[in-house]
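> With the sequence up front, the predicted model follows.
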Amino acid sequence: MSCSLGIDIGGTFTDVVIYRHDDGYTFSHKELTTASNPTLGAMTGVRYLLAKAGLQPQSIGKVVHATTLFANALIERRGAVAGLITTRGFRDTLEMRREFKYELYDLFIELPQPLVPRELRFEIDERTHFDGTVHTGVDEAQLIKVVDDMIAKGVTSLAISFLHAYANPANEQRAKAIIESRYPRLHLSVSHDVCPQIREYERTSTTVANAYVKPIADRYLHDLESELKGLGIPGRLFMMLSSGGLTHVGEARRVPVQLLESGPAAGTIAAAFFGKRSNISEVLAFDMGGTTAKLGMIEHGRALISHQFEAGREKRFAAGSGLPINISTIELIEIGAGGGSIAQTDAMGLLKVGPKSAGSEPGPACYARGGTQATVSDANLLAGYLDADNFAGGTMKLDTGAAGAALRPLGEALGMDLVDIAKGIQAIVNENMAAAARVHVAERGHSASDFTLLVMGGGGPLHGCDVARRLGIGRVLCPPSAGVASALGLLIAPARVDRSATIGQTLDAITAPELEAAFAALEAAAGRVIGETLDAAGEFCFKRSADMRFVGQGFELVVALPSGPYGLSSLQEIRTAFFDAYRRIFGQITPAVELEIMTIRVSAIEQLRARPLMMAASTEVERAPQPRTIYDDVANSWGEVPVLARGGLAYGDPVRGPVLIEDASSTLAVPSDGIAIRDAADNIIIILSAGLAMEDRAADLTGEEHETAINA
């Protein structure tokens, strides 16, 4: 029997999923994350789930992993002691940034501090011109002295970013060869390997970020591989990329900066997958865990991909306030709102929730692990939405008394009883998430009401209907095993490799054979890496795109291009593709202005094979749920509501709210103005304020079980 294993380590919980190939069944488990040693909690969860599923470690033929460890290390400034070698005169690129303020009138504006302090940034006398001509080569003696000085100051990881290395990497290649031969134990990140793209600040920032997390990634991935082998698991280890694809562990060690958004990306991939099963292509993926909530847009069944994001923003929603990282990533916003988000009063005596979290250590007060501050989970427990005796699939018991003790001081300070303060915490955290979603969707030219809200994570199904109502969304989708959807997304995701190169030429100046040769070189590089990732039967395809602009513009538009090889008509097809994309965003095009291709991009993406996916084993509740008394915010009153086991819902049978629907990893709260139905794809669809209309549509949501593509 062959199986695949997915491990998603979050800030509060580690989710583990096993997929059994022969019959398509899945098994899942949530384990508290061990913050001091994340591998420890992950291995505990794997052992538990193997025993629960009755499987031997030798049956695991593939392991896919996502983690927030590297992103947290960067944000919390817990990375390696990194240094930077750059061209003379460019030592302060990281601090000069783009010389603009993200908030123009803020006299006390705070900018993110560079990951490498000035005393660890060194210059050497080398120079490459913008056209790739080498003016001054690398002086070996000078380079060795600089590296010796850096090592003496404690540097263990080194970034090299020379001027115009994207146009000609010869000097960087020479420096790399010298350093690797003389200092083989020094971790090295070189800009033409990490980010061969125009713009010095962004390229240097990305390379430095890679150097900052590389020793941590190398050590962590080595330890994880050793633990898996020690457990008797023979399967290869793969890592989820921020782009929503997979890569082998060697590539992950080389460029770990590609993994910064790996966990959230997996959740969005799962959301697109489950939306497609119910024939819903426009989806807002709402993933609320124990530490943060994430939101991603899915258009026409596909997650949106960006080629830059910002890490460690000084202000969460202020563009330009973070460190730019040039990697391919699924477009997401993160909100400091999770089950562990701490509630407190501010300087004006108003109730605030987040962004600080209790995490898993000590965790919310109701976890009875030493936490004393009021959190969202404590409020949910006191409002009746959580089963204190069967939390996280029955692996944890919650302490209602501790939750009350944590909320009581807040209530006294605000003159509110426990119920009111609990409902206040819920309302504030839901509005925080809805407000962030409004901005994210509006900035992309959409209205939230045009989408279906897909809820996942341990808290998504609990809060989703109220968030949807605040956004004006009338339909909510809850997939099976919603609480561990991100881990399942690891097994759904295709292998993927992205490569890019700056060419900086006008469309009139470049010939079709020259452009084809440039793309072919990228495809060859991407093909080698994905070939190392896939098995012998694996198939993949290439997708081409380019960063294009009108000559004279400061920034580019990423345009999907036709596949190659390019011939006589291809340049006109590329011109048309740019005009179509430009018109779609800006409404009109600029006449008689030349076009410029700045950066070309290639994605090698695995073609998935269809396999069955049966979720029953992972959604089973091993008990008969009992009715609970909850506070219904729609009816504005307490009342006893039925609690249903998700696996017991009949297909196509409408269930009127208020009702709680439980599976092993989450609880779905259906309000009194909602009607829920389990459709043929095993998703639960909730229609808010729908009256009898949902019953009339029941037949549309039943039918044959869907065959699915899962990359296991």
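Now that the structure is in, tell me what you want to look at. Everything numeric in this text was worked out from a predicted model, so none of it was measured.

> contacting residues for residue 306?
Under the criterion of CB atoms under 8 Å, 6 or more residues apart in numbering, the contact partners of residue 306 comprise 328, 329, 330, 331. Yep, even glycine has a C-beta here, placed from its N, CA and C like the rest.

> Redo those as JSON lines? Include distance to residue 508, secondary structure and neighbour count.
Conversion of the contacts of residue 306 to JSON lines gives the following (distance: CB to CB, whole Å; DSSP: H, G, I helix; E, B strand; the rest coil; neighbours: other CB atoms under 10 Å):
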{"residue": "328", "distance to residue 508": "29", "secondary structure": "coil", "neighbour count": "23"}
{"residue": "329", "distance to residue 508": "32", "secondary structure": "strand", "neighbour count": "24"}
{"residue": "330", "distance to residue 508": "34", "secondary structure": "strand", "neighbour count": "29"}
{"residue": "331", "distance to residue 508": "32", "secondary structure": "coil", "neighbour count": "18"}
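
> out of these, what pair is the most spread apart?
328 and 331 (10.6 Å; CB to CB).

> For residue 436, grab the count of nearby residues.
20 (other CB atoms under 10 Å).

> I'd guessed it sits against residue 333; true?
Yes: in terms of CB atoms under 8 Å, residue 436 counts as a neighbour of residue 333; the distance is 5.7 Å.

> Spell out which residues are contacts of both of residue 328 and residue 331.
Once CB under 8 Å, 6+ apart is applied, the residues that residue 328 and residue 331 both contact turn out to be 305, 306.

> Beta-bridge partners for residue 639, please?
residue 630 (DSSP bridges).

> Which pLDDT value goes with it?
pLDDT recorded at residue 639 is 82.

> so what's it up against?
Under the criterion of CB under 8 Å, 6+ apart, the contact partners of residue 639 comprise 629, 630, 632, 658.

> same question, residue 485
Neighbour list for residue 485: 267, 270, 271, 274, 287, 456, 457, 479 [criterion: CB under 8 Å, 6+ apart].

> ok, 7 Å please
For residue 485, the contacting residues are 267, 270, 456, 479, taking CB atoms under 7 Å, 6 or more residues apart in numbering as the criterion.

> Buried only: go through those residues for me.
With neighbours counted using 16 or more other CB atoms under 10 Å, those contain these buried positions: 267, 270, 456, 479.

> Just to check, the third one is in contact with residue 482?
Yes: with contact defined as CB atoms under 7 Å, residue 456 reaches residue 482; the gap is 4.4 Å.

> Any regions of the protein where pLDDT drops low?
Low-confidence segments of the chain, defined by pLDDT under 70, span residues 1, 316-317, 610-612, 615-624, 633-635, 690-712.

> per-domain residue ranges of it.
Listed domain ranges for the chain are 75-218, 341-416, 496-607 (source: automatic domain parsing).

> Just the terminal-to-terminal distance for the shortest one.
Counting by CA to CA, to the nearest Å, the length from the leading to the trailing residue of domain 341-416 is 20 Å.

> and if you look at stretch 313-330?
18 Å.

> What are the buried residues along it?
The neighbour-count check on stretch 313-330 (16+ other CB under 10 Å) flags 313-314, 320-330 as buried.

> which of these lies closest to residue 301?
When the buried residues of stretch 313-330 are compared for distance to residue 301, the smallest value, 13.8 Å, is given by residue 330; criterion: CB to CB.

> related to what we said a few turns ago, just the ones in helices from the contacts of residue 485, please.
Using DSSP state H, the subset of the contacts of residue 485 located in helices is 267, 270.

> ok, now how distant is the residue lying closest to residue 351 once chain neighbours are set aside from residue 602?
In space, residue 351 comes closest to residue 424 once its chain neighbours are excluded; the distance is 5.5 Å by CB to CB, 6 or more residues apart in numbering. As for residue 424, its distance to residue 602 is 51 Å (criterion: CB to CB, to the nearest Å).

> So for those two, which sits in the more crowded spot?
Summary of the neighbour comparison: residue 424 and residue 602, criterion other CB under 10 Å, with residue 602 having more neighbours (26 against 19).

> count of residues packed around residue 673?
18.

> show me what contacts residue 688?
By CB under 7 Å, 6+ apart, the contact set of residue 688 is 465, 468, 469, 474, 476, 673, 674.

> Out of these, which is nearest to residue 376?
Ranked by distance to residue 376 (CB to CB), these are led by residue 465 at 15.7 Å.

> My guess is that closest one contacts residue 672. True?
No: judged on CB under 7 Å, residue 465 makes no contact with residue 672 at a distance of 10.3 Å.

> ok, back up a step: dump the buried ones among the contacts of residue 485 into TSV; add distance to residue 96 as well.
Listed next are these as TSV, based on distance: CB to CB, whole Å:
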residue	distance to residue 96
267	36
270	41
456	41
479	46
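
> Mind picking the two most distant members of those residues?
Maximum pairwise distance among the buried ones among the contacts of residue 485 (CB to CB): 10.6 Å, between 267 and 479.

> hey, what's in contact with both of these two?
Shared contacts of residue 267 and residue 479, defined by CB under 7 Å, 6+ apart, are found at 456, 485.

> coming back round to it: from what I can see the residue nearest to residue 351 touches residue 350, true?
No: counting by CB under 7 Å, no contact exists between residue 424 and residue 350, whose distance comes to 10.3 Å.

> quick one: which of the contacts of residue 306 is nearest to residue 156?
Distances from residue 156 to the contacts of residue 306, taken by CB to CB, are shortest for residue 329, at 26.7 Å.

> Tell me the spacing between the closest one and residue 631.
Taken as CB to CB, the spacing of residue 329 relative to residue 631 amounts to 39 Å.

> And residue 212, by the same measure?
46 Å.

> Select the longest helix from this structure.
helix 200-230.

> mind listing what's buried in that one?
With burial defined by 16+ other CB under 10 Å, the residues of helix 200-230 counted as buried are 200-218, 220-221, 224, 228.

> following that helix, which helix or strand comes up?
Under the assignment DSSP states H and E, the closest C-terminal helix or strand after helix 200-230 is strand 236-240.

> How about residues contacting that next one?
Among residues not part of strand 236-240, those counted as contacts by CB under 7 Å, 6+ apart are 62-66, 224-225, 228, 246-249, 252, 259, 262, 265-266, 490, 493, 533.

> From these, list just the buried residues.
Here the buried ones among those, as counted with 16+ other CB under 10 Å, turn out to be 62-66, 224, 228, 246-249, 252, 259, 262, 265-266, 490, 493, 533.

> Which members of the buried residues of stretch 313-330 are the farthest-apart pair?
In terms of CB to CB, the buried residues of stretch 313-330 reach their longest pairwise distance at 314 and 328, which sit 24.4 Å apart.

> Much appreciated, bye for now.
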